[in-house]
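>>> following is a predicted model, sequence given first.
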Amino acid sequence: MQSPASALVDYLGIGELSFDLEPPERRALLIISVLPAIVVLATLTQLGYEIEGSQLDPFSYRDSHLYRLSTVVQTPAAYVGLAVMVIVGIGRISRSEGSYCFAGAFVFAGLAVLSGIYASMVFALVDQYTPARDWYGHIALSFASLAALVAAGYAFLAFRGLAPRDSA
């Protein structure tokens, strides 16, 4: 009997994932992955500043230039990252690049789902006496939408790289 994972791989037509990269492919993947990494780092920076901020003076951490930069750079980095992935995906993508992009799409889709579930639970279950900002649901919701954009870009690249090739 075939396992569900192998059945899904066979259904998607990606039975042969290849993770051996040549130096030019490695360089291309690094360039593609810079903007998604900036999104993750900016979100973690924003979250760290808000957790460590003073509850008595909630605007004390907002004086930091790094905090302001992290809040401003998240959305443009995600959209520009998606645009870069689509532009790169127009050209030829190797099977090994597609395999790495498939893994990236899987990771970012999982992060988006988990962040979205967390944010929806915070906003649904936190009552009026406990402020929702204490649970940082707004950061999780923002990250969920940005991670979904990045996952869509990686999924497009994975589709282009893992699609069956015409031998003619």
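Cool, got the structure.
>>> now stretch 111-130: buried residues?
Neighbour counts using 16 or more other C-beta atoms under 10 Å place 111-112, 115-116, 118-119, 122 of stretch 111-130 among the buried residues. Placement of C-beta: from N, CA and C, glycine included.
>>> so which of these comes closest to His138?
Distances from His138 to the buried residues of stretch 111-130, taken as C-beta to C-beta, are shortest for Ala119 (7.6 Å).
>>> residues in contact with the closest one?
The contact partners of Ala119, by C-beta atoms under 8 Å, 6 or more residues apart in numbering, come to 137-138, 140-141, 144.
>>> just the ones of those residues in helices?
137-138, 140-141, 144 (DSSP state H).
>>> possible to save those residues as a markdown table with neighbour count and distance to Leu29?
A markdown table is the format used below for the ones in helices among the contacts of Ala119 (neighbours: other C-beta atoms under 10 Å; distance: C-beta to C-beta, whole Å):
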| residue | neighbour count | distance to Leu29 |
| --- | --- | --- |
| Gly137 | 20 | 33 |
| His138 | 14 | 32 |
| Ala140 | 21 | 27 |
| Leu141 | 17 | 29 |
| Ala144 | 19 | 24 |
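>>> and those as TSV, adding pLDDT and distance to Leu35?
Output for those, formatted as TSV (pLDDT from 0 to 100; distance: C-beta to C-beta, whole Å):
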residue	pLDDT	distance to Leu35
Gly137	83	25
His138	84	22
Ala140	88	20
Leu141	89	20
Ala144	93	17
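>>> just give me the closest of these to Ala37.
Of all the ones in helices among the contacts of Ala119, the one sitting nearest Ala37 is Ala144; the distance, using C-beta to C-beta, is 17.4 Å.
>>> right, I'll call it a day here.
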